[in-house]
Every structure is written in C-alpha cells, then in structure tokens.
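Chemist: predicted model, plus sequence, below.
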Amino acid sequence: MNSDIKYNIKKAQETIGVENRYKQYFINNKDSIKGMMTINRDVDTIDEAIELINKVDFRKIFGLDVLLEERFICEFFYMEHKIYMAFNSEFEADEAVKIEAERYYGREVRVSSFNRFNMFVREILIKTEKRDAWIRYNDRKNKYVYVIDSKIKNNYVIFDVFDLYQIFMQCDIKRAVQELSNLLGVRIKKINENKKKYEKCKQFIMNSATKNSFSAVYELIGEHIPKLVAVLDEGIDKIYYHLESKENMVFSCSMQYLAGSMNKSKSTISPIINTFVLLHLLEKQDINNETYSKWNRNDITYFYIPQYNDDLFEIANKLAEIMLYRGMRITASSFSYKTCIEKFGVEVASSIFKDKVIKAK
C-alpha cells in the first residue's frame, strides 16, 4: 500500500470516527450480507483472495444506496486548505492562529505546532467543503472503486473495498483481508494450513500420551504448558499477520506483549519462552533478517512454530534431560544466557538469546 493511500485512509478514519453509519449498517446486516454475497471459494494465496474480493459490489456491504456512476456527497473526505506560518516568538504564533481560526469560524480547524530553525511554526489545516463521489466498476483493474472528486483535473482519490473497510471499521489492511475473507467465504490455503498446524500442536501437547512418552519435557515445562498454548493462540490470532521467511511463515511479537497477555512480568516470561526455543518448540527468526531494524531488534521477536510430533519431542526430551540431570539442575524459570552457555555452549546460547548478542556488538 503506497503512502498516499495510507494517508488518505487515515484522514478518512479520523473524519468519520469510530462509530459511523456504515459500520453500524455492516454490523446490523452482517448475516444477510453473508448469505447474499458469499463467494465460497478456495484460493492458494492472500493476493488471489484480494483479487477475488475486489470484484464484489461493496455497495451491498456498506449500505451505499446509489447507482453506479451516480454522483453523491462523500461524508468522510473534505477539501482541505493548509496554512504555514513561522514567528520569532510563541506569543506571536499563537495570536496569529487565533486570527486565522476566527476567519474560518464554523469550519473544522486543526493546528500543529513545532519548532524549526529557531522559529515557532504553526501548521493550520482547514476543512473547507465536502467532495462529490461516485462508484464505478474499473474494467482495467477488475474491481469496484469509490471515486472522490478532488476538483483538480484527472486527480481523484480512489478507494477499493479493503480501503473502505479500513475506514469504516477503523482497522488495518490485514484485519480487513481477514474479516472480508471470513464474511465472503474465501478460504486461503496457506492461512488455513498454518492455522490447522497450530491447532494440532495444541492438541499434541495436551495429549496424555505425549506427556507419558516424554517425561523429561513435562518435568521441565509441565507447569508452563499454558504459556506455550498462549503463544500458539497468539499465532492463531495473528494468522493473517504472518510474514514469509525463507520457506516458513513467522509472526512477530514482543516479549513485553506476551508477558502482558499472560499477566506476568517480562522477566518472568523471557526465560520460559527461551526454554521453549531451546527445546525447538519455538524457533526465533534470524536476528539478521532484513525484517528487523536496528530500532526494534531487542523488542520484537519473530517466531516460527514447527509441527509438533514424536520426532521433535524425542529431541526436546534429550535436551530437557541435559537441563535437569546433567550437572547442575536448571529449571525453565531460571534458564539464562549464562546457564545456557554452561550447558550447551556459546553457539546455542547465541542462537536463543539473540538480544544478548546484539547488545554485545
């Protein structure tokens, strides 16, 4: 999504607000919309789902009772007029703002303040008038679009069904894809396969046969299984927010967020999550992946969750035995960078405690 579209969506979201008639129409008529407009199709990728859903006449989804090409007044997008002013003192700047606000009395006026080159700068944004709009089917792009007239020749603001969903429902593009796919019965193979994998993982770790077969694993992390389930549930909840990394689908989550979702402190959760990583029940994305930036490396972790099976748990059980029985006994709650080095060496420790490696560089 390019920056202009993002800006226009954000501006429209701010104008229309959280509670709006389009959202209310959707909520009140969701069942009938679903029954009337279900596509009921399986696709391989998210891009295929987007292409398919864009062909749907969104007038029926949001209660837009207009004909194609019929002009009407757009309720959530205004013509705007910007004024920039710079002054030597804050008092002069504020007085100038008051004068401009009086000139545009009765219209929505927003003021931004900042300093630049030792000057007091004011940016005034005035919403002047609502714009004309119409809906058409774009034959070239094979989708319905909501067109807003900018009153500048050949310069229009154009929204598709995903843009409108973000505006009316106050969400992001991935949530829009998820909820519209569910509404219209569009099933995405890659998404569903990943979700089923997580569900099977939950069943596997809760199975009493698994517990009996891999006693060391459950001695080490038995009391923390609900935390592992919580991570799996987070993966399911973020199923449309996964990224592709090499051949795996990964999702991002900060330790702070995970801790908060479990009503625990970050210092309590971190060693337990790292124990899961040691046992290969979770895998951390390579810290050098381009997805990371220097600003978020210590805060955001990208997790890959493998398929849980007997082979994986055989490996996990051997690692758990080393933690518990070889030398000093280490619990999941006391697992640290130092104890990991002592038990498994620097290379393994560096692959698990990635933030430690970054901070050391």
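Modeler: Right, received. Where do you want to start? Quick caveat: nothing in here was measured; it's all calculated off a predicted structure.

Chemist: how about the residue most central in space within the chain, nearest residue that isn't a chain neighbour?
Modeler: Geometric centre of the chain, nearest residue: Tyr241, 5.3 Å, by C-alpha atoms, centre = their mean. In this structure, Tyr241 finds its nearest non-sequential neighbour in Lys174, 5.3 Å apart by C-beta to C-beta, 6 or more residues apart in numbering. Any C-beta I mention is one placed from the backbone N, CA and C, and that applies to glycine too.

Chemist: list the contacts of the residue nearest to the centre of the chain.
Modeler: Lys174, Phe251, Ser252 (C-beta atoms under 8 Å, 6 or more residues apart in numbering).

Chemist: mind checking the SS state of Ala101?
Modeler: helix (DSSP: H, G, I helix; E, B strand; the rest coil).

Chemist: chain neighbours aside, what residue packs nearest to it?
Modeler: Per C-beta to C-beta, 6+ apart, closest to Ala101 is Val109, 5.4 Å.

Chemist: partners of that neighbour in the sheet?
Modeler: Ile126 (DSSP bridges).

Chemist: show me what contacts it?
Modeler: Glu100, Ala101, Ile124, Leu125, Ile126, Lys127.

Chemist: does the first one touch Glu123 like I think?
Modeler: In other words, Glu100. No. Checked against C-beta atoms under 8 Å, the pair Glu100 and Glu123 is beyond contact range at 11.0 Å.

Chemist: any shared contact partners between those two?
Modeler: Joint contacts of Glu100 and Glu123 (C-beta under 8 Å, 6+ apart) are Ile83.

Chemist: one step back: give me the pLDDT for the residue nearest to Ala101.
Modeler: Val109 is assigned 71 on the pLDDT scale.

Chemist: of the contacts of Tyr241 - the most surrounded one?
Modeler: Phe251 (22 neighbours; other C-beta atoms under 10 Å).

Chemist: isn't that one up against Lys238?
Modeler: Yes. With contact defined as C-beta under 8 Å, Phe251 reaches Lys238; the gap is 4.6 Å.

Chemist: continuing past the longest helix along the chain, what's the next helix or strand?
Modeler: Longest among the helix segments of the chain by residue count, using DSSP state H, is helix 189-206. Next along the chain after helix 189-206, taking DSSP states H and E as the criterion, comes helix 208-213.

Chemist: name the residues of the next helix or strand after that next one that are buried.
Modeler: Next helix or strand after helix 208-213 toward the C-terminus (DSSP H and E): helix 215-221. Using 16 or more other C-beta atoms under 10 Å as the test for burial, helix 215-221 gives Ala216, Val217, Tyr218, Glu219, Leu220, Ile221.

Chemist: what residues does helix 215-221 touch?
Modeler: So helix 215-221 is contacted by 211, 225, 228, 272, 275-276, 279, 313, 316-318, 320-321, 323-325, 331-332 (C-beta under 8 Å, 6+ apart).

Chemist: how far off centre is it?
Modeler: 34 Å (C-alpha atoms, centre = their mean, to the nearest Å).

Chemist: then stretch 161-170?
Modeler: 15 Å.

Chemist: and for stretch 190-204?
Modeler: Per C-alpha atoms, centre = their mean, the centroid offset for stretch 190-204 relative to its chain is 19 Å.

Chemist: and the contacts of it?
Modeler: 44-46, 210, 229, 232-233, 235-236, 239-240, 242, 249, 305, 307-309.

Chemist: quick revisit: as CSV, the contacts of Tyr241 with distance to Ser32, pLDDT and secondary structure would be great.
Modeler: Formatted as CSV, the contacts of Tyr241 follow (distance: C-beta to C-beta, whole Å; pLDDT from 0 to 100; DSSP: H, G, I helix; E, B strand; the rest coil):
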residue, distance to Ser32, pLDDT, secondary structure
Lys174, 26, 95, helix
Phe251, 34, 91, strand
Ser252, 37, 89, strand
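
Chemist: got a markdown table for those residues, with distance to Gly35 too?
Modeler: Shown next, in a markdown table, are those (distance: C-beta to C-beta, whole Å):
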| residue | distance to Gly35 |
| --- | --- |
| Lys174 | 25 |
| Phe251 | 32 |
| Ser252 | 36 |
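
Chemist: got the CA positions of stretch 72-89 in PDB?
Modeler: This file holds the C-alpha atoms of stretch 72-89, laid out as PDB (Å, rounded to 0.1, in the frame of the first residue of the first chain):
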ATOM      1  CA  PHE A  72     -23.400  11.900  -4.300                       C
ATOM      2  CA  ILE A  73     -21.700  13.800  -1.500                       C
ATOM      3  CA  CYS A  74     -18.900  12.000   0.300                       C
ATOM      4  CA  GLU A  75     -19.300  12.200   4.100                       C
ATOM      5  CA  PHE A  76     -15.800  11.300   5.100                       C
ATOM      6  CA  PHE A  77     -13.500  13.300   2.800                       C
ATOM      7  CA  TYR A  78     -13.200  17.100   2.600                       C
ATOM      8  CA  MET A  79     -11.400  19.600   0.500                       C
ATOM      9  CA  GLU A  80      -8.500  21.000   2.600                       C
ATOM     10  CA  HIS A  81      -6.600  24.200   2.900                       C
ATOM     11  CA  LYS A  82      -3.200  24.400   4.600                       C
ATOM     12  CA  ILE A  83      -1.500  27.500   6.000                       C
ATOM     13  CA  TYR A  84       2.100  27.500   7.300                       C
ATOM     14  CA  MET A  85       3.300  30.400   9.500                       C
ATOM     15  CA  ALA A  86       6.600  31.000  11.300                       C
ATOM     16  CA  PHE A  87       7.300  33.500  14.000                       C
ATOM     17  CA  ASN A  88      10.100  34.600  16.300                       C
ATOM     18  CA  SER A  89       8.000  34.100  19.500                       C
END
